[in-house]
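A.B. asks: Below are the sequence and a predicted model; questions follow.
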Amino acid sequence: MSSPLDKPQIISHIQKSLNYTVFDSKWIPCSAKFVCLGNYARGTGVMQIYEVQQGEAQLIKEQEFPKPIKCGTFGATSLQQRHLATGDFGGNLNIWNLEVPGTPVFSVKAHKEIINSIDGVGGLGIGDGAPEIVTGSRDGTVKVWDTRQKDSPVANMEPGEGETKRDCWTVALGHAFNDQDRCVCAGYDNGDIKLFDLRNMSLRWETNIKNGVCCVEFDRKDINMNKLVATSLEGKFHVFDMRTQHPTKGFSSVSEKAHKSTIWQVKHLPQNRDIFMTTGGAGNLNLWKYEYPSQRSKTDSDDLAVGVAGSVTLLQNATLSTQPIASLDWSPDKKGLCVCSGFDQTVRVLIVTKLSQV
Amino acid sequence: MSGDEGIYPHLIMFCEDHLEKLDPRSLALRKEKPVSTAACLPNDEWSQIADELKKWQEETKASETSLKQQSMFDALVFENMPPIRGSNCSVPLCQTSVKKEKWTLSKHTLPRDYREWDKFDVEKEFEKIDRNVDKHDAPAIINQGHPKIKTKVDASLLTQQEKLLLANREKEKGNEAFRAKDYEEAVAYYSRSLSIQPAVAAYNNRAQAQIHLQSWHDAMRDCERVLELEPGNMKALLRRGTVNNHMGNFQMAVEDLRVVLREEPQNAAATKLLLEIEKKMKERQPEQRRRGKQILIQEVEEEDDNDKTRAKETARPVEPSQPVGGEESSAAPVERGDMGNTQKKPHSRGDGGPHSEPNNSHHGHRRGKGASADKYRVTQESKEKVANGSGKRGSTASAPADPSSRKEPPVGGNAGETVNLDAPCGALPPPLSRLKNEGNLLFKNGQFADALEKYSQAIQGFTDSGMNSPEDLCILYSNRAACYLKDGNCQECIQDCTRALELQPFSLKPLLRRATAYDSLERYRKAYVDYKTVLQIDISVQAANDSVNRITRQLIEEDGPEWREKLPEIPLVPLSAQQHRREGPPSAELLQARAEKAARDAERKAEVHFTAVKQEGNDFVKKGQYQDALGKYTECLKLKPEECAVYTNRALCYLKLERFTEAKQDCDAALKVDPTNKKAFYRRALANRGLKDYMACSSDLQEVLQQDPNVQEAEKELEEVTVLLRQSLANVSPAKPRTTVPITEVAGDEETLGAAQSESPRGEEPINLQLTNAYEYGQALNAARCSGNTAACAALLASTPPERLPHFLSTQLDGNTISFIMQALDSHLLEKDPHLVYQHLHHLHTTHRFSVVLMLLEKDERRYMTQLFEHLSAVQSAEFTKNDVQNLANKYI
C-alpha cells in the first residue's frame, strides 16, 4: 500500500462565511477571482465577486438583484469579455458584464418557472461552433440560446401536448468537437436522462436511472462525446461510455454508490477528463478516477457493437460540513484549485494536490 | 469477552485489515475523512504549494490586465462566428411519438443560410436519411470522431496569450485521448495544438502517439522537429531511438540511446531498449544463416520469408547497389518493407540508410568521435574529397551508383598511392589538369600552401585560356578554398567558395566549406544558412547535421527564442539540385542515367508484380490450394523464367499434387539456374522417390547432405530411401510400376523378342531381359558382347529404361562396352525407335567414369560413335531436334 500522503489530498485553503444562501460559485476564467450567486433571506438575488489574495478571499464587488439567482456559466463568452450568464428563480436568462453588473447585456424571459441549471459552450475557446447557452427549468423545457438572437431560443426541447411535465434539474452541453455537432443532455426529477442531438434536432438517446437526476456532465465539452456522468438523488452516480451507442441498449455504464446522501454535483477536472469530484448532501467531497477497460467496445450476439464501461476508483474523500455542497467549480487555469459552496452559507477554496501523479 | 454490545476499536481494525486483503475496493473500507488543512501537510510541501499559488495569482493578474486591453478585437471575433442555429425549433421529449418526425422535418422547410450551404455535407445528409429510414435496425453508432476533427485551428485572430492557452488545452485533450488509447484522436488533437502554436511537448507527444500507431515516418519527423527546436531533448532522442529500432536502423537507434544514457545513466527504458537492440544486432548474422538451413526443412513458411526478403531487396526503389554494410543487410524482413518506402525521402542522417556506400570504412571511424570534433571532421572530409576525389562522393553519403556522382567530373587522378599526374580532368587542357593533379597530390600530402599555389596557377591559366567550363573552374575554386580553409585563411576561403557557387550554384562542397569557414569566423547565422542549404541538397551530410544542431544551440543562447527571425533567408534549393546536387544541362551521361533509371523503374515494377504473383502463390500453398498455387507460379515463370525459387516452389506444388515427373522437371530447371540449390535437390529427391527411382533419389539426397550435413529431414529421407532401394533391388519386383516398358516378360512380346532370337545366329541361351540390378545387367551385357550379339544387346537396351542405364552400367563401363552399345543402337534400335536411342544416349553420358572411358576410346570405337550420331541426326523426330542431337554429340565426341 502506498502511504496516504502519496494520494491526492483535499486541502481547505480559504473558508468564507456569507450572509446569504449561495447556490452557485464559479471561477472567472483567466483570473484568480470567483463569483458567488445566491439569495438573501429577504428574497432578493445577489452576486459577489471575490479575489483570492494571500490566502484570503477578498470581496471585490457585490450586486443585488430582484430575483434570487440559481445558476451561472461562463461557457459561452469570449475570453476577453468574460460575461456571466445566469438563470434566476423567475425563469430569466441574463448575461452580465462583470465590470458593470448593474444592467444585463442580454436578458430574456426564458422559462415560466425557475431555471435550475445552465450551461454554455462555444466560448472561452472551448468547443467549435457558435457560442450557445442551454437552460433547464422546472417548467419541463430545455432551451438553447444564441445571444445573437434576442427573443427566442434556437432550440426548444419540450414535452409534447398531454405529456406530463417533469422538472428538469440539470442540463449539460457536449460533443462540440466541430462546427455542426453538438449535444445537450438533460436530467429530470423522475430519473430520466435525455440526450438531444442539436445537429439533427432529435432525441438521440434516453434512459432512466430510477432516481432523480441531480447533475449531469460530459467529461469534456469540446471533444467527440466520451463519457457522461450522471448523479442521482439517492447517492449513486453513473458513468456512461458515450463512444459506442447500441441501437437498443444505448450506452453502457458503470454505477457507483458514492455518498450516503444525494450527490448534488459532479465536476470533471478541466485538465484531466478522467478525474472528477462529486459533492454530497452530507457535506462531503469524493474524488474519483475513471479507468478505461482494455477494449472500449465489443460485439454482442447480434453482431452489433456495444460499449464496455470501465471502472471508477475513489482517490480521496473529505468532509467539509454537515450541509449539502451545492456547487463546485474547478479553476480552468490552475490545476487542482477549486471553489465550492454549501448550504451552510460558506464558500471554500480548496486545493487538491498531486493530481498530476494519479 | 464481555458479550456486551459496544465498539471495540481493535476488532474493527482487525476486520478492516482483513477486509482490505480480501477486497481492497470494498465500500466498507471507505471512511469519511475530515478535510485536510495546510497543517496536515509537511511544511516544505505546503510552502511549495503556497508559492505556486502565489506565483499563479500574480501571473493571472498580469494576464488579466493584458486581456482587458485587447477587447477591441471582439467585433472581429463575432464576424468569424458560425451562423445562428436554424431558429426556434422544438424537439419533443418522447422518442417514439409520431409527432417527432413532423417536428424534425419542420426544420428543413426553412430557407437555409448561404453559409450553411457551404457546410452542407451531402454524405451526412444521406446518412441521416438512411438512419431515419431504417430506424429500427439501425447499426450501433460508434463515435469514432477523429476523422471529423479538424486538425487545424484558425488562431489568426487570437492574442499570444489565448493561443498559448488554447494550444495547451488541445494538448491536454491529446494527452487524455492518448491515455484512453485513442491514438488517432490524440494525434488529431496534438496536431491542433501544433497548428495553434508549435511546441516541443506537443511534438514529442505526437511522436509517441505515432509510435503507437506505428507510423514510424511521422514519428521520426516529429522527433527530428523536437530535436531541431531543442537539441538534446531526451524524450525525443529516446523516441527516435525507438523509431529507428522499428525501422531497422539499429546503428542509429543505438547512437540515440547512447546519448540518452550518457545524460541519464539510470534511464531504464533506454537501457532496456539498448540491450534489446544490441541483442538483435548480434543475433542477426547467425540468425540469417540458420534460416538458410531451415528453408530446406520447413516447406513453405520460412521460405516465404526469405523470398520476401530477397524480393524486397531487389524491389527497393533506390540504387542498384546492394547494401554491403553489415548492419543494413540483415534488417528484419518485415521492417524492410517499411524501409523501402522511406528511402525515397532523404529523412535519415546519411549514414543510416540501407544504401550507404559499401566502402564506408572511414564512416565508423569518424562517427566514433565526439560531437566536439565537428570542425575537424569537415576539413578532414574535404581533404579526403580533394585527395581521392575522382567523382567518388567524399564520405558522407549515397550509393556509388547514384547517377549524379557519375556526372561529377573527376577531380584528381586515381585514388591511392600511384597518382597519375597527367590524368585528364574534365575539360581542362593537359597543362592545367596537371597543375590541378599536382595540387591534389600536394593537398593530400598536407602541403597546403604549395597546393594553393598550384590551384592558383591553374585558375590563372584557366582564365587566360578563356575556356568556358564553369564546372572545372568551380572545382578549382572549391579546391583552393579547401587549401585556404586548411591554412586558416577563412576570408579567402569564403571568397573562393562564393566564386565557385556563382559558377555552380548549389554545389555541395563549396557550400560546406564556406559554412565551415563562417563557422570558424563565428559568423553563425551565415554558417547556419549554408549548412541548412547543404542539408537541403543532401540531407545525409553528417557534418552539416551536427553543426546545424550546435549552431542552433548557440544562436538560441545568443538571441533567445526568436533567433530564427534574425536569420538571413535560407535559399530554397531547386528540386533538381536536391537530388543530383548539381545543376547543369542534361548531358548525354545524365540522359543515359535517366534511361537507366527508367529501365530500373520498369524492372522494379515487373519485380513488384512478380513478387505479388509469387506471394499469392505462396499464400495458396499455405492454404493448401496447390492447384491454384501452381497457376500463380506458372505465371511467375512467364514473367521471369530464370527464377530458381519459383521453380522449386512449383516443384513443391507438383509434389503435393503427386505429379512427380513435372516436379522433377522443375527441379531440373531450378538446378540449371542454380546448380547448388539444396531445395531443388531435396525436392527432386522427393520426386524421384515418388517415381520410385530410389537410386536417383538417394543420390540427390546425398548431394543435399554433402552441401549441408545438418539437414535432418534429408538424412531421414535418405535412410528411408536406402531401405526402399535395398528392397527394390532385392526382390525382383513384378509389381514394380517402372516395368511398364513394352518388353517385360520373357515369353511376352513376340515381335521384338522373336526378332532377337531369330537373329541370334549362335543360338545361345536367350538372354534374360528382366533384369533389376547392375550385376545381372552386367552379366547379360557381357554375354551379348562376348558373342558379338548386337541384336541381343539391342533387345536388352530396349527393355531398359534409359534413365536407369547409367546405374546398371555403372561399374562395367569400358570402351568396348560403349562401342558395343553404340553398334547395337545403330544397327537395331535406330530404325525402330530413334527416340529410345536418343534417350539412351542422353543418359549414357552421365554414367560414372564416362569421361575417363571416353578418353581411352580407340579409333574404331570412336568411328562407331560418330556413325551413330550421323545416323541419329539424319532421323526426323518429334521428340528431339537436330540441335539436341548436336548438343549430345558434343558430349561424346
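C.D. replies: Perfect, I can see it now.

A.B. asks: Look at A:Ser255 and give its secondary structure.
C.D. replies: The local conformation at A:Ser255, judged by DSSP: H, G, I helix; E, B strand; the rest coil, is strand.

A.B. asks: For it, which residues count as its bridge partners?
C.D. replies: Beta-bridge partners recorded for A:Ser255 (DSSP bridges): A:His238.

A.B. asks: Where does A:Asp19 fall, secondary structure wise?
C.D. replies: In this structure residue A:19 is Asn, not Asp. In this assignment (DSSP states H and E), A:Asn19 forms part of neither any helix nor any strand.

A.B. asks: and the residue nearest to it when sequence neighbours are not counted, how many residues sit next to it?
C.D. replies: Computed as C-beta to C-beta, 6 or more residues apart in numbering or on different chains, the closest residue to A:Asn19 that is not its neighbour in sequence is A:Gln345, at 7.1 Å. All C-beta spots, glycine's among them, are computed from the backbone N, C-alpha and C. For A:Gln345, the neighbour count with other C-beta atoms under 10 Å in any protein chain shown is 16.

A.B. asks: Could you report the neighbour count for B:Lys21?
C.D. replies: When counting by other C-beta under 10 Å, one arrives at 8 neighbours for B:Lys21.

A.B. asks: For it, what is the enclosing helix or strand?
C.D. replies: helix B:9-22.

A.B. asks: helix/strand/coil for whichever residue of the stretch 151-300 of chain A sits closest to chain B?
C.D. replies: Residue of the stretch 151-300 of chain A nearest chain B, by C-beta to the nearest C-beta: A:Asn224 (2.6 Å). The local conformation at A:Asn224, judged by three-state DSSP, is coil.

A.B. asks: Alpha carbons of stretch A:97-108, as CSV, please.
C.D. replies: Provided in CSV are the C-alpha atoms of stretch A:97-108 (Å, rounded to 0.1, in the frame of the first residue of the first chain):
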residue,chain,number,x,y,z
ASN,A,97,-20.8,42.3,-17.9
LEU,A,98,-18.9,41.8,-14.6
GLU,A,99,-17.3,45.2,-14.9
VAL,A,100,-20.6,46.9,-14.9
PRO,A,101,-23.0,44.4,-13.3
GLY,A,102,-25.9,46.9,-12.9
THR,A,103,-27.7,46.2,-16.2
PRO,A,104,-27.6,42.9,-18.1
VAL,A,105,-26.1,42.9,-21.7
PHE,A,106,-28.7,40.3,-22.6
SER,A,107,-31.9,39.5,-21.0
VAL,A,108,-34.8,37.2,-21.9
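
A.B. asks: How about residues contacting it?
C.D. replies: Defining contact as C-beta atoms under 8 Å, 6 or more residues apart in numbering or on different chains, one finds that stretch A:97-108 is touched by A:28, A:35, A:47, A:49, A:61, A:63, A:81-85, A:92-96, A:145, A:147, A:150-151.

A.B. asks: give me the residue from the stretch 551-700 of chain B nearest chain A.
C.D. replies: B:Pro561 (22.8 Å).

A.B. asks: which helices and strands sit right next to the helix holding B:Lys21?
C.D. replies: Where contact means 3 or more C-beta pairs under 8 Å, 6 or more residues apart in numbering or on different chains; DSSP states H and E, helix B:9-22 is not packed against any helix or strand.

A.B. asks: can you pull out the strands in the stretch 151-300 of chain A?
C.D. replies: Ranges of strands in the stretch 151-300 of chain A, per DSSP state E, counting those that start in this stretch, are A:155-158, A:168-174, A:183-188, A:192-197, A:202-208, A:213-218, A:227-232, A:236-241, A:244-245, A:253-257, A:263-269, A:272-280, A:284-291, A:297-299.

A.B. asks: Output the below-cut-off pLDDT ranges for chain B.
C.D. replies: B:1-3, B:25-28, B:69-81, B:86-158, B:284-428, B:573-594, B:597, B:729-772, B:811-812 (pLDDT under 70).

A.B. asks: The residue of the stretch 551-700 of chain B closest to chain A and B:Gln197: what is the separation?
C.D. replies: 12 Å (C-beta to C-beta, to the nearest Å).

A.B. asks: Of the two, give the one with the bigger neighbour count.
C.D. replies: Higher neighbour count among B:Pro561 and B:Gln197: B:Gln197, with 19 against 8, using other C-beta under 10 Å.

A.B. asks: Skip the chain neighbours and tell me the closest residue to that one.
C.D. replies: With C-beta to C-beta, 6+ apart, the residue lying closest to B:Gln197 is B:Ala167, at 4.1 Å.

A.B. asks: so the one you found touches B:Ala199, yeah?
C.D. replies: Yes - checked against C-beta atoms under 8 Å, the pair B:Ala167 and B:Ala199 is within contact range at 6.5 Å.

A.B. asks: intersection of neighbour lists for the two?
C.D. replies: In contact with both B:Ala167 and B:Ala199: B:Ser193, using C-beta under 8 Å, 6+ apart.

A.B. asks: Tell me which of these two has more neighbours.
C.D. replies: The residue with more neighbours, out of B:Ala167 and B:Ala199, is B:Ala167; 24 against 18, by other C-beta under 10 Å.

A.B. asks: ok so, going back, make a markdown table out of the strands of the stretch 151-300 of chain A and add mean pLDDT and mean neighbour count.
C.D. replies: Below are the strands of the stretch 151-300 of chain A laid out as a markdown table (pLDDT from 0 to 100; neighbours: other C-beta atoms under 10 Å in any protein chain shown):
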| stretch | mean pLDDT | mean neighbour count |
| --- | --- | --- |
| strand A:155-158 | 85 | 21 |
| strand A:168-174 | 91 | 27 |
| strand A:183-188 | 91 | 26 |
| strand A:192-197 | 89 | 22 |
| strand A:202-208 | 87 | 18 |
| strand A:213-218 | 91 | 26 |
| strand A:227-232 | 91 | 26 |
| strand A:236-241 | 90 | 24 |
| strand A:244-245 | 84 | 24 |
| strand A:253-257 | 87 | 16 |
| strand A:263-269 | 91 | 23 |
| strand A:272-280 | 89 | 24 |
| strand A:284-291 | 89 | 21 |
| strand A:297-299 | 83 | 14 |
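
A.B. asks: how about those in JSON lines, adding distance to B:Ser36?
C.D. replies: Shown next, in JSON lines, are those (distance: least, C-beta to C-beta, whole Å):
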{"stretch": "strand A:155-158", "distance to B:Ser36": "42"}
{"stretch": "strand A:168-174", "distance to B:Ser36": "29"}
{"stretch": "strand A:183-188", "distance to B:Ser36": "32"}
{"stretch": "strand A:192-197", "distance to B:Ser36": "34"}
{"stretch": "strand A:202-208", "distance to B:Ser36": "37"}
{"stretch": "strand A:213-218", "distance to B:Ser36": "25"}
{"stretch": "strand A:227-232", "distance to B:Ser36": "24"}
{"stretch": "strand A:236-241", "distance to B:Ser36": "23"}
{"stretch": "strand A:244-245", "distance to B:Ser36": "39"}
{"stretch": "strand A:253-257", "distance to B:Ser36": "23"}
{"stretch": "strand A:263-269", "distance to B:Ser36": "18"}
{"stretch": "strand A:272-280", "distance to B:Ser36": "15"}
{"stretch": "strand A:284-291", "distance to B:Ser36": "11"}
{"stretch": "strand A:297-299", "distance to B:Ser36": "40"}
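
A.B. asks: Perfect, I'm done here.
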